[in-house]
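Chemist: give me the fold of what follows.
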Amino acid sequence: MSIENILTHLSDEDNERFRQSISAIGKAFEAQTGVAVEPDAITGLSAVRDHVLSGGEVELDLASAMKELQDVPTVANKLIAAQVKVAEANRIAEDTKNMSRIERMNYARERGLDKPRQDTNDSLTMNEREALLSSLNPQRRIAVARQRGWI
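Modeler: A predicted model of the protein is given here:
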């Protein structure tokens, strides 16, 4: 039986304690690792269960909850992906730190870094894009367009 099923039989205070525990663990984990975690991954942690079912007598142990959370497969995959992304960004920065502008552009082209990013999700229409870009100075236009994966 999961804790969500048990919560239906507990008081409003326990339900609130449950929500606060999940929120506290999620915020602490994101602050420490930079990875946002879905509340569903947090609900099954023993620290949450112990804190809620004891009526708050057992303190919420954030350290053990975050350690346990790192062992959840979906969270572990997110952590690995974040570490790979950071390592790749660091490698690119290290490779290009002594290059001229032209060399950096050639470096990006050779590695396909000059293409629009696949992870951007843009829902703006062409008219909305044009309105957004027309209100910006030229440097900011390029920065926004790159950030959104338009160029």
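
Chemist: which SSE is residue 123 in?
Modeler: Under the criterion DSSP states H and E, no helix or strand holds residue 123.

Chemist: how far away is it from residue 148?
Modeler: Relative to residue 148, residue 123 is positioned 10 Å away (Cβ to Cβ, to the nearest Å). (Each C-beta comes from the backbone N, C-alpha and C, glycine too.)

Chemist: between the two, which has more neighbouring residues?
Modeler: residue 148 (17 against 5; other Cβ atoms under 10 Å).

Chemist: quickly note the distance from the more buried one to residue 88.
Modeler: 20 Å.

Chemist: could you list the low-pLDDT ranges of this structure?
Modeler: By pLDDT under 70, the weakly predicted segments of the chain are 1-7, 116-122.

Chemist: helices of that one, residue ranges please.
Modeler: With DSSP state H as the criterion, the chain has helices at 3-7, 12-33, 39-42, 46-53, 62-70, 73-96, 101-110, 126-134, 138-147.
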